[in-house]
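K.L.:
Sequence and computational prediction follow.
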There are 2 protein chains.
Amino acid sequence: MPSVDICFSPELLPLYQLEGKVAVVVDILRATSSIVTALAAGVTHIVPFSELEDCQALAAQGYLTAAERDGRQAAGFDLGNSPFGYLDGVLPVQGRGVAITTTNGTRALHLSLAADAVVIGAFLNLEAVAEFARQQNKDVVVVCAGWKGMFNLEDTVFGGALAERLAATFDTSSSDATLAALHLWQQAKPGLAGYLLQSAHVRRLNSLEANKDFDYCVQVDTHRIVPIWRDGRLVVNS
Amino acid sequence: MPSVDICFSPELLPLYQLEGKVAVVVDILRATSSIVTALAAGVTHIVPFSELEDCQALAAQGYLTAAERDGRQAAGFDLGNSPFGYLDGVLPVQGRGVAITTTNGTRALHLSLAADAVVIGAFLNLEAVAEFARQQNKDVVVVCAGWKGMFNLEDTVFGGALAERLAATFDTSSSDATLAALHLWQQAKPGLAGYLLQSAHVRRLNSLEANKDFDYCVQVDTHRIVPIWRDGRLVVNS
């Protein structure tokens, strides 16, 4: 029986074996929620960068550029880290490639590439990711982006939600991290938004835009796509 | 208002500022429970080592030596990591110094020395540690030893228990790690032993000796002492 493990911070990833496994990268607020949204809105592919300069350089190749630092859109970029950047119609996104860089999400993704398959998880596409994991039938490691390397509640609770969806055919009790995440998800489940409003990270995002983003990102199973890493870019798995 | 934060693994300690704060090092199974027990049983002081050889060298100076690797007593040492080594009367411990090395606990302690005060926490001396923290009135960081760098449930739940005891006069909501630990403690509190029996780490210690140790280590408030780091050794705070 394959297992579900959860890595609470990219800083702990060196302790995990990813070879032969499925890595589910999660940065609920907001990188992975935005990636799911962008690909569902018709973006053809997404190229993630660690550095602002490398990301911006792709504008010359016709890419839209998206950058966030410390929760804010970086100057000189087309988009920030809000999923509404792909929905509000201000910039046409259909058929475009997007170059992105975010504080935490990009780093978690780059550190996960040793896995057999690297996919992007969010509450928005929870069941789609669970279904992908069931089809692969391999060990799953949920890689939480965290906040600057620290544990955060929203990514952890997502890990618990995914573990619950997989519990019938995966071992979810061999890792204390998975047990803890399942317990936290059981507490959060009856009122996810209210539960996560306690989070220090959520309270950090206290602008009007951020509140709208938060309400959007805690929706469950609104999208049926799985973004997957293929040839150096994120595309819709098909 | 000072705050309570929790570091789930020594690997994450570089992200924490310890200067000016109280570090509470915890390795419930079993290093810090054994340290509390040893000092309460009349051991005068404890010197922790990372390496087996350095630890064993102190035998020549009249020290009792205690060593654990992968959950077992290391060959050639007087004691392992069981608290009953200080209670069963096989070796007289009163008035002796002890040199110890353990897989996880010693490492967590050595990485915590930048703090203003470094104390040893266990369920056994929970209230004594809480009282020490209230007297200091400084930020507290609970440093979980974990299991080979990984998150574990028992150290985390201790962190939640300590945060609950401090909640009246400390900020316990600015860290997602503290919030999560508090939530897990609330689930564990009505039946601590039963709750922790789910833990992967606990199930790993499945010998008769380990079961006896486990029952001992989940007792709350049985000891009123606070082991503190002073001049390169752990002694009873007075």
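P.N.:
Arrived safely, thanks for sending.

K.L.:
C-terminal to the worst-scoring helix or strand of chain A on mean pLDDT, what's the next element?
P.N.:
Here the helix or strand of chain A ranked lowest by mean pLDDT, DSSP states H and E is helix A:200-204, holding a mean of 71. Toward the C-terminus, helix A:200-204 is succeeded by helix A:208-217 as the next helix or strand (DSSP states H and E).

K.L.:
Can that next one be said to contact chain B?
P.N.:
No - figure legend: helix A:208-217 not in contact with chain B (C-beta under 8 Å from any C-beta of the partner chain); closest approach 14.7 Å. Just so you know, the C-beta spots here come from the backbone N, C-alpha and C atoms, and that holds for glycine as well.

K.L.:
Tell me which other helices or strands the next helix-or-strand element following that helix touches.
P.N.:
Per DSSP H and E, the first helix or strand lying C-terminal to helix A:208-217 is strand A:227-230. With contacts defined as 3 or more C-beta pairs under 8 Å, 6 or more residues apart in numbering or on different chains; DSSP states H and E, the packing partners of strand A:227-230 are helix A:31-40, strand A:117-121, strand A:233-236.

K.L.:
Could I get the contacting residues of residue A:116?
P.N.:
A:19, A:20, A:21, A:22, A:136, A:138 (C-beta atoms under 8 Å, 6 or more residues apart in numbering or on different chains).

K.L.:
hmm, try it at 6 Å
P.N.:
residue A:20 (C-beta atoms under 6 Å, 6 or more residues apart in numbering or on different chains).

K.L.:
tell me the mean pLDDT for stretch A:43-55?
P.N.:
The average pLDDT within stretch A:43-55 is 96.

K.L.:
where does chain A dip in pLDDT?
P.N.:
A:201, A:204-209 (pLDDT under 70).

K.L.:
tell me the residue furthest from the middle of it?
P.N.:
The outermost residue of chain A relative to its centre, with distances by C-alpha atoms, centre = their mean, is residue A:60 at 26.9 Å.

K.L.:
doesn't that one fall inside a helix?
P.N.:
Yes - under DSSP: H, G, I helix; E, B strand; the rest coil, residue A:60 falls within a helix.

K.L.:
any idea how far it lies from residue A:90?
P.N.:
22 Å (C-beta to C-beta, to the nearest Å).

K.L.:
how about the helices in chain A?
P.N.:
Taking DSSP state H as the test, the helices found in chain A are A:31-40, A:52-57, A:105-110, A:126-136, A:153-166, A:176-188, A:192-196, A:200-204, A:208-217.

K.L.:
which of those sits most buried?
P.N.:
Among the helices of chain A, helix A:31-40 has the highest mean neighbour count (mean count of other C-beta atoms under 10 Å in any protein chain shown), at a mean of 28.

K.L.:
Name the surrounding residues that touch it.
P.N.:
Contacts for helix A:31-40 (C-beta under 6 Å, 6+ apart): A:26, A:46, A:81, A:83, A:86, A:98, A:102, A:105, A:120, A:122, A:124-125, A:217, A:223, A:225, A:227, A:236.

K.L.:
any idea how far residue A:107 is from residue B:11?
P.N.:
In terms of C-beta to C-beta, residue A:107 sits 16 Å off from residue B:11.

K.L.:
residues contacting residue A:226?
P.N.:
So residue A:226 contacts A:119, A:128, A:129, A:132, A:237 (C-beta under 6 Å, 6+ apart).

K.L.:
Find the nearest non-adjacent residue to it, please.
P.N.:
Nearest non-adjacent residue to residue A:226, counting by C-beta to C-beta, 6 or more residues apart in numbering or on different chains: residue A:237, 4.3 Å away.

K.L.:
Make sure the one you found is actually in contact with residue A:227.
P.N.:
No - in this structure, residue A:237 is not within contact of residue A:227 by C-beta atoms under 6 Å, at 7.2 Å.

K.L.:
Those two: who's more crowded?
P.N.:
For the pair residue A:237 and residue A:227, the greater number of neighbours falls to residue A:227 (29 against 18), based on other C-beta atoms under 10 Å in any protein chain shown.

K.L.:
Flag every residue of chain A that's near chain B.
P.N.:
A:11-12, A:15, A:149-153, A:174-177, A:179-180, A:183-184, A:187, A:198-200 (C-beta under 6 Å from any C-beta of the partner chain).

K.L.:
what about the nearest residue to residue A:3 once chain neighbours are set aside, distance to residue A:129?
P.N.:
Spatial nearest neighbour of residue A:3, excluding adjacent residues (C-beta to C-beta, 6+ apart): residue A:171 at 4.2 Å. Distance, residue A:171 to residue A:129, by C-beta to C-beta: 18 Å.

K.L.:
Residue A:122 too?
P.N.:
For residue A:122 relative to residue A:129 (C-beta to C-beta), the value is 8 Å.

K.L.:
before we move on, what about residue A:159?
P.N.:
For residue A:159, the distance to residue A:129 - C-beta to C-beta - is 11 Å.

K.L.:
Ok, residue A:169 next?
P.N.:
Counting by C-beta to C-beta, the gap from residue A:169 to residue A:129 is 14 Å.
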